[in-house]
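Colleague: Kindly return the folded structure for what I paste below:
(one chain, ligands or ions: 1)
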Amino acid sequence: MSQYSVRGKVAVISMNNPPMNTMSHANRGMVKAAVEAANADPAIAAILITGGGKVFSSGAEIKEFNTPAAIASPALGELIAALEQSAKPIVAAVHGVAMGGGLELSLGCHYRVAAPGAQIALPEVKLGILPGAGGTQRLPRLIGAEAALEMIVSGNPVKSEKFAPGTLFDEIAIGDLVEAACTFAEKVAAKGEPYKRARDLSVKLDNAAAFFEAARAKVAKESRGFPSPPKCVAAVEAAVNLPFDEGLKFERARFNELVQTSESKAMRHYFFGERAVAKIPDVPSDTPLREIKSAAVVGAGTMGGGIAMNFANAGIPVTVLETKQEALDRGLATVRKNYEGSAKKGRISMAEVEKRMALITSTLNYADIAQADIVIEAVFEEAAVKQAVFRQLDEVMKPGAILASNTSTLDLDQIAAATTRPADVIGTHFFSPANVMRLLEIVRGKATAKDVLATTMKLAKTIKKVGVVAGVCDGFIGNRMVEQYLRQAYFLLEEGALPQQVDRALENWGLAMGPFRMMDLAGNDIGWHIRKRRYIEQPEMTYSKIPDLICELGRFGQKTGAGFYRYGAGDRTAHPDPLVEDIILGCSEEAGVARRAIGDEEIVERCIYALVNEGARILEEGIAMRAVDIDMVYMTGYGFPTYRGGPMFYADTVGLPEVVAAMQKYAASKQGDPAFWKPAPLLAQLAAEGKKFN
Ligand code: NAD
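Modeller: Reported below is the predicted structural model:
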């Protein structure tokens, strides 16, 4: 794992734990043994630690968290202390990536030499923890409290050459890193002791009390629900106020507290989830992929324009097809407006706007898209219209082109049946706004070829989306679950709550947006359209009348200036509306319901457990491959807080028997709906067996 070689008087220890050289138990042991060997060898004057391959080290081995290996000797802190005490000087040669525990290891070395462009970060906060091996104590001593706090609280990387010379890095290497670092190491060894140790420095900060007061206020405001940022602030404050060893103990104690929290476990679930969803059990990772060098989009409406932007952003030329020139012009004008908006906010340059616009061409003629490697259809949500489009595509598209549909509710297999090549047909369900939302539900039809699926998953990555595979059903994973959630939200109104109370309860719990603000943003007409179909096809699926009454008034949400709330012109602020309250009270009366005060806990439980129960059915039916797929859909597409880990993970955290018990309680309550609250067989079974979804 670790390679030991000698260059002149320098022992070069190269960590080789590919691909990211994580500080696993084995890697730590190897480094410690190699440093001891170098110290014992009289021919060696200095020691160099570097990373084999493309990176120094990405940090802790997260798979070891909450296992004995995480703290098995040598623990990272123990190893770093040994480095710091080494009789011979140790130089870290940093390239590629030095993050988390990897960066902390380098902070325990006496000197650091970096290659330019190396990504330096303490990203622990993104996993709901804080650096636990001295990072919060040594980094402020080297780069100052303010810069260190910014890195620790944000977790964001900084390029090696951005640090003031002589602070984090003693030298930025020009040319071969190991060679430059060896020369540097021989030089410091020749000078003799004392070697520089971060622990011996003190943190200089004027007005420390006021600085930390302001920092605490800032994180309290910005990171509601996330337990780690306040502790990051406290740890850096300890670096300023406490002697080094006491600061280390303080940091360790905070780390130990955080690593046990359900929030941190949830955030790790998210971290691993991003990788887990990319694995499809029956599609090997070496499945040959089709090449995607050009794309086409049919339909230049809300979704089509946003989808085209994804390709342009990734440098893939895309042609947009419409039936009418006006629709095309309108669509492309919206795309331009979006790009120019980003330029105004300083996110991209005007030159970049033009570059991306130049990648988007438009046409009214199918012949112009025939050579595209993938075409995504985003026309009206009507089966006949979509089938007609797919018949056309089947006629003109070159063999091997992937034919994708952005349908959100229609049967993909029926769309595929309109072609002579159903194996090339797949669903790519983008979320609105398509150029912003990270989620892409990838719908696998019964005939979809494995290489089409694998290629589309890879494409998701190329356009920076999280691709989650879903089977064919009405609503796929996300919208099928959200329907049950909304049904509960509407019933809560009928029984005694108001939209603002339901939204506030769920937003305080952590959702980015409560159900009524969400529907006002998405458009209430979409749900109305679906409900009208339900009343005919599934009359047993009951609904409160409230949302229909709102829609009958043309209150479709923000786009019409009113929905469950009212909106000022050009303003997205949701104002509670007495008229809506009247409608709700009238509905309760008509339904013969005596309104009652409903607590926030009941609101949260009923809405979230509605998601969980439908999620269990989706798992049973194989629409989602694993619970983590459902969780990732919710965390990347529906504003579900990462510190809750998605609905299925959250249910696991609460305990499935507790979830079932709560459902039984709601089934037995006065307005309870036993059919709604009947636990899905999978949920009932797992709860009975003491098992979990994840
Ligand atoms: P939209 O009405 O904004 O746009 C549809 C566009 O398709 C229009 O510009 C129309 O001129 C064009 N069109 C219609 N028939 C066509 C044809 N035969 N050939 C070429 N162009 C044609 O609709 P939208 O909101 O962009 O939705 C498009 C699709 O995306 C639908 O299937 C919808 O269910 C799905 N979807 C929408 C959302 C959303 O939030 N809006 C989210 C996910 C998926």
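
Colleague: From what I see, residue 627 and residue 650 are in contact.
Modeller: No. When contacts are counted by C-beta atoms under 8 Å, residue 627 is not listed as touching residue 650 (10.7 Å). Bear in mind the C-beta positions are built from the backbone N, C-alpha and C, glycine included.

Colleague: residue contacts, the closest residue to the ligand within the chain?
Modeller: With C-beta to the nearest ligand atom as the measure, residue 301 is the residue of the chain nearest to the ligand, at 1.7 Å. Contacts for residue 301 were tallied using C-beta atoms under 8 Å, 6 or more residues apart in numbering; they are 327, 331, 378, 379.

Colleague: now, which of those residues sits nearest residue 672?
Modeller: Proximity of those to residue 672, judged by C-beta to C-beta, is greatest for residue 378, which lies at 40.9 Å.

Colleague: Count the neighbours of the closest one for me.
Modeller: Using other C-beta atoms under 10 Å, the number of residues around residue 378 comes to 27.

Colleague: Next: the one 3 residues further on.
Modeller: As a burial measure, residue 381 scores 16 neighbours (other C-beta under 10 Å).

Colleague: can you pull the contacts of it?
Modeller: Applying C-beta under 8 Å, 6+ apart, the residues contacting residue 381 are 407, 408, 409, 410.

Colleague: So for it, what pLDDT did the model give?
Modeller: Reading off the confidence values, residue 381 has pLDDT 90.

Colleague: Need phi/psi at it.
Modeller: Residue 381 adopts backbone torsions of phi -80, psi 70, taken as degrees, to the nearest 10.

Colleague: can you check residue 654 too?
Modeller: With angles defined as degrees, to the nearest 10, residue 654 shows backbone torsions of phi -70, psi -40.

Colleague: neighbours around it, how many?
Modeller: With other C-beta under 10 Å as criterion, residue 654 counts 16.

Colleague: Put the alpha carbons of the strand or helix carrying residue 332 into PDB.
Modeller: In this structure, residue 332 sits in helix 325-344 according to DSSP states H and E. Listed next in PDB are the C-alpha coordinates belonging to helix 325-344 (Å, rounded to 0.1, in the frame of the first residue of the first chain):
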ATOM      1  CA  GLN A 325     -41.600  29.400 -35.800                       C
ATOM      2  CA  GLU A 326     -43.200  31.600 -33.000                       C
ATOM      3  CA  ALA A 327     -42.900  28.800 -30.500                       C
ATOM      4  CA  LEU A 328     -39.300  28.300 -31.500                       C
ATOM      5  CA  ASP A 329     -38.500  32.000 -31.200                       C
ATOM      6  CA  ARG A 330     -40.200  32.200 -27.800                       C
ATOM      7  CA  GLY A 331     -38.400  29.200 -26.500                       C
ATOM      8  CA  LEU A 332     -34.900  30.400 -27.600                       C
ATOM      9  CA  ALA A 333     -35.600  33.900 -26.300                       C
ATOM     10  CA  THR A 334     -36.300  32.400 -22.900                       C
ATOM     11  CA  VAL A 335     -33.100  30.400 -23.000                       C
ATOM     12  CA  ARG A 336     -31.200  33.600 -23.800                       C
ATOM     13  CA  LYS A 337     -32.900  35.400 -21.000                       C
ATOM     14  CA  ASN A 338     -31.900  32.700 -18.600                       C
ATOM     15  CA  TYR A 339     -28.300  32.800 -19.700                       C
ATOM     16  CA  GLU A 340     -28.200  36.600 -19.600                       C
ATOM     17  CA  GLY A 341     -29.700  36.400 -16.100                       C
ATOM     18  CA  SER A 342     -26.800  34.200 -15.000                       C
ATOM     19  CA  ALA A 343     -24.300  36.600 -16.600                       C
ATOM     20  CA  LYS A 344     -25.900  39.500 -14.700                       C
END
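
Colleague: wait, does that helix make contact with the ligand?
Modeller: Yes. Using C-beta under 6 Å from any ligand atom, a contact is recorded between helix 325-344 and the ligand, made by residue 327.

Colleague: start at 21 instead
Modeller: Let's use 21 as the start, then, which means that last one is helix 345-364.

Colleague: right, and the helix or strand after that helix?
Modeller: Proceeding N to C from helix 345-364, the next assigned helix or strand is helix 370-379, under DSSP H and E.

Colleague: Give me the packing partners of that following helix, helices and strands only.
Modeller: The contact analysis (3 or more C-beta pairs under 8 Å, 6 or more residues apart in numbering; DSSP states H and E) places helix 370-379 against helix 322-333, helix 345-364.

Colleague: what residues does it touch?
Modeller: Applying C-beta under 8 Å, 6+ apart, the contact partners of helix 370-379 are 329, 331-333, 335-338, 355-356, 359-360, 362-363, 368.

Colleague: count of neighbours near the nearest residue to residue 581 once chain neighbours are set aside?
Modeller: Nearest-residue entry for residue 581: residue 587, 5.3 Å, with adjacent residues in sequence omitted and distances by C-beta to C-beta, 6 or more residues apart in numbering. Neighbouring residues of residue 587 were enumerated by other C-beta under 10 Å; the total is 19.
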